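*Asks:* starting from these lines, generate the structure:
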Amino acid sequence: MECLHNNVVPCIIDEELKVLYYRGLSQWRTEQGYLMDTCLAAQDTFKKYLDFRIEYEE
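*Replies:* Numbering: from 1, shown residues only. Okay, the predicted model is just below:
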């Protein structure tokens, strides 16, 4: 809800990204890139669903 409220495309972690998401969470203190990349990939997937429905800001 906060993503939508702040005009940010949400990232939905599906089964395909779940393992990468958990790895990113466990290694956040030493390497933030894993979690950031996973969330950005999830956003890209969600944007594909939105492309034909609404306009959003990059």
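*Asks:* after the helix or strand of the chain with the lowest mean pLDDT, which helix or strand is next?
*Replies:* Least confident helix or strand, the chain: helix 2-5 with a mean of 87, by mean pLDDT, DSSP states H and E. Counting by DSSP states H and E, the element after helix 2-5 in chain order, helix or strand, is helix 15-26.
*Asks:* give me the residues contacting that next one.
*Replies:* Contacts to helix 15-26, defined as Cβ atoms under 8 Å, 6 or more residues apart in numbering, come from residues 13, 34, 35, 36, 37, 38, 39, 41, 42. Any C-beta I mention is one placed from the backbone N, CA and C, and that applies to glycine too.
*Asks:* of those, just the buried ones, ChimeraX syntax please.
*Replies:* Those of those that count as buried under 16 or more other Cβ atoms under 10 Å are selected in ChimeraX with:
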select :13,34,35,38,39,41,42
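*Asks:* the helix ranked longest in the chain relative to helix 15-26, how many degrees between them?
*Replies:* Longest helix in the chain, counting residues (DSSP state H): helix 33-50. Interaxial angle, helix 33-50 versus helix 15-26 (axes from the mean of the first three to the mean of the last three Cα atoms, to 10 degrees): 150 degrees.
*Asks:* may I see the contacts of helix 15-26 arranged in CSV, with pLDDT as well?
*Replies:* Output for these, formatted as CSV (pLDDT from 0 to 100):
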residue, pLDDT
13, 93
34, 94
35, 95
36, 95
37, 96
38, 96
39, 94
41, 95
42, 95
